[in-house]
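Trainee: Next one to model:
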Amino acid sequence: MQRIHENISEDVEKVRPCHRDQMDMLRRRLALLSGTDKVLMTMYVENGNSFRQIARVRGVNETSVARRVHRITKRLMGSDYIACIGHRAKLTTDQMAIAKDFFLTGLPMSKIAQKRGSSVHRVRRILMEIRRLISGAEERTKSA
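Mentor: Predicted structure coming up:
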């Protein structure tokens, strides 16, 4: 078995300047993750491990690791949850928890409803309210 290289993160720093900002943003947003998603992304972003190395450690297929990293990256770089954090004064704790589960963790509405002891209809309605609040606040910011 190949040894995982410890200094790969130095190579990551040599990324083109246009991508450096995105990598910095991704690193800052890693703190929002928890559990296996955080471990996986830390191995990939901070330690610079390849998909193959991570797959060997986790005992899964390399393609599965690549797909998972892509999905997590897409959620972290998306602005929906960050917008919720920016407007958290307008959102209840229940709305923030549902927003985190949906936008950041990527749970489907049915799993969120089950986790929160609620109905799928209620979760869908809360997500629609959140989107309406966020889009309304962004439109007011643009027009000002």
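
Trainee: Pop the domain breakdown of the protein in here.
Mentor: Structural domains assigned to the chain are 8-77, 80-143, following automatic domain parsing.

Trainee: Pull out the buried residues from the longest helix seen in the chain.
Mentor: The helix spanning the most residues in the chain, taking DSSP state H as the definition, is helix 120-143. By neighbour count on 16 or more other C-beta atoms under 10 Å, the buried set for helix 120-143 is 123, 126-127, 130, 133-134. C-beta coordinates here come from the backbone N, C-alpha and C atoms, glycine included.

Trainee: Now render the residues you listed as TSV, adding pLDDT and distance to Ala99.
Mentor: Listed next are the buried residues of helix 120-143 as TSV, based on pLDDT from 0 to 100; distance: C-beta to C-beta, whole Å:
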residue	pLDDT	distance to Ala99
Val123	96	11
Ile126	95	8
Leu127	95	8
Ile130	93	5
Leu133	87	10
Ile134	83	9
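
Trainee: quick revisit: where among the domains of the chain is average confidence lowest?
Mentor: The stretch with the lowest average pLDDT out of those is domain 8-77, scoring a mean of 84.

Trainee: residue contacts, the residue minimising distance to the centre of the chain?
Mentor: When the chain is reduced to its mean C-alpha position, the closest residue under C-alpha atoms, centre = their mean turns out to be Leu76, at 3.1 Å. Contacts here follow C-beta atoms under 8 Å, 6 or more residues apart in numbering; on that basis Leu76 touches 26, 29-30, 32-33, 41, 104.

Trainee: Could you tell me which of the residues you listed belong to helices?
Mentor: Those of the contacts of Leu76 lying in helices (DSSP H): 26, 29, 41.
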